[in-house]
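Novice: Got a predicted structure here, sequence first:
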Amino acid sequence: MDWITLFYVLHIIGVALGVGGATVSDFLFLRSVRDRKISSDEFSLLSSISLVLWTGLGLLIFSGVGMLTVQYFTTGSIAMSGMFLAK
């Protein structure tokens, strides 16, 4: 497996962790504030899910920088494609 494929896989995993964690976090938060009080168990669960979100964001940043680095060393420049500008 070459480097760019590894960074693509890490990027996709980061997106999955981020989107999945945000969805679950929002659902659990809205469910836990129904009684207008967040218990310590609910707070610890939301904190754990927050760690998943931060891990996903870290993977996205790491893999994005990795993809740009591989592209720079492969082609000698960073192409300003539409996809790159959209990100």
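Specialist: The structure has been received and is ready for your questions.
Novice: and the nearest residue to residue 32 once chain neighbours are set aside, how many neighbours?
Specialist: Closest residue to residue 32 apart from its sequence neighbours, by CB to CB, 6 or more residues apart in numbering: residue 42 at 4.1 Å. Every C-beta, even on glycine, is put in place using the N, C-alpha and C of the backbone. Per other CB atoms under 10 Å, the neighbour tally for residue 42 reads 16.
Novice: got the contact list for stretch 1-19?
Specialist: The contact list for stretch 1-19, computed with CB atoms under 8 Å, 6 or more residues apart in numbering, reads 52-53, 55-60, 62-64, 66-67, 70-71, 74.
Novice: and which of the residues you listed is nearest to residue 33?
Specialist: residue 53 (18.4 Å; CB to CB).
Novice: Now that closest one: closest residue in space that isn't a chain neighbour?
Specialist: residue 21 (4.2 Å).
Novice: who touches that neighbour in this structure?
Specialist: 49, 50, 52, 53, 56.
Novice: Mind doing that once more with 6 Å?
Specialist: 49, 52, 53 (CB atoms under 6 Å, 6 or more residues apart in numbering).
Novice: longest single helix anywhere in this protein?
Specialist: In the chain, ranked by residue count with DSSP state H as the criterion, the top helix is helix 40-75.
Novice: which helices and strands sit right next to it?
Specialist: helix 3-32 (3 or more CB pairs under 6 Å, 6 or more residues apart in numbering; DSSP states H and E).
Novice: sorry, back to before: return the distance of the residue nearest to residue 53 relative to residue 32.
Specialist: 16 Å (CB to CB, to the nearest Å).
Novice: how close does the residue nearest to residue 32 sit to residue 51?
Specialist: Residue 42 is 15 Å from residue 51, by CB to CB.
Novice: likewise residue 1?
Specialist: Residue 1 is 28 Å from residue 51, by CB to CB.
Novice: For the protein, give me the ranges with low pLDDT.
Specialist: 79-85, 87 (pLDDT under 70).
Novice: Same question for the residue lying farthest from the centre of it, what's its three-state structure.
Specialist: In the chain, the greatest distance from the average C-alpha position (CA atoms, centre = their mean) is reached by residue 35, at 30.6 Å. Per DSSP: H, G, I helix; E, B strand; the rest coil, the secondary structure class of residue 35 is coil.
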